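**Q** Model the following, please.
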Amino acid sequence: MDLIQLAVDAQNGSTSARDELLLRIGPLVYARILHTLSGREAANDVAQEVLLAVMQGLSGLREPQALLGWVRRILDNIVSRHLLRQKAEPAELDDSALAADGSLGPHEAAVQDEQRRLIRSAVASLSPRGRADMRLTYT
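**A** Now for the predicted structure:
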């Protein structure tokens, strides 16, 4: 049975068609993700997320002939979100690097510490996308 027919049958409620469809597209999805991401663990997690999204959205697929393109779009969107989340994760701050410069007086050091605290607070309040944009702009 071809993928299009499996998609149609799965849309009509056939669990065996759904299972077969997953078995057939799963390796394709995993291979593409593994090629894009580094690390099998991340690829496994993202592949699972993609296949779940495919199964949840299959009933809304209007043109079963477009199955592979539709799956690829889902895959690309989820991989992009994964990469954005990776870039947006806050880096660990080295507290020793935040120590006030010994040449600064007590007032200047306090002002510098307060500025750093305000910047950290502002960055933490950004959305993941905002943090990613900020990192791309300033690093």
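**Q** Tell me the spatial nearest neighbour of Asp9, not counting adjacent residues.
**A** Ala17 (3.4 Å; Cβ to Cβ, 6 or more residues apart in numbering). Where C-beta positions appear, they are placed from N, C-alpha and C, glycine not excepted.
**Q** What score does that neighbour have for pLDDT?
**A** With respect to pLDDT, Ala17 scores 94.
**Q** contacting residues for it?
**A** By Cβ atoms under 8 Å, 6 or more residues apart in numbering, Ala17 lies in contact with 1, 5-7, 9-10.
**Q** Which stretches in the protein count as helices?
**A** For the chain, the helices defined by DSSP state H occupy 3-11, 15-36, 40-57, 67-88, 106-125, 128-138.
**Q** OK, contacts around the most centrally placed residue in the chain?
**A** Nearest to the centroid of the C-alpha atoms of the chain, with distances taken as Cα atoms, centre = their mean, sits His82, at 1.2 Å. Counting by Cβ under 8 Å, 6+ apart, His82 touches 37, 42, 46, 49.
**Q** ok, of those, which one's closest to Ala124?
**A** Checking those against Ala124 with Cβ to Cβ, the nearest one is Ala42 at 24.4 Å.
**Q** Could you check how many residues crowd around that closest one?
**A** Using other Cβ atoms under 10 Å, Ala42 has 17 other residues around it.
**Q** any idea how far Ser127 is from it?
**A** 22 Å (Cβ to Cβ, to the nearest Å).
**Q** Using CSV, please lay out the contacts of His82 together with pLDDT.
**A** Listed next are these as CSV, based on pLDDT from 0 to 100:
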residue, pLDDT
Leu37, 82
Ala42, 87
Val46, 93
Glu49, 95
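**Q** Look at His107 and say how many residues are nearby.
**A** 8.
**Q** What's the per-residue pLDDT of it here?
**A** In this model, His107 carries a pLDDT of 75.
**Q** same deal with the one 3 residues further on?
**A** Per-residue confidence (pLDDT) for Ala110: 78.
**Q** what's the spacing between it and Arg116?
**A** Counting by Cβ to Cβ, the gap from Ala110 to Arg116 is 11 Å.
**Q** now swap in Ala31 and tell me
**A** For Ala31 relative to Arg116 (Cβ to Cβ), the value is 45 Å.
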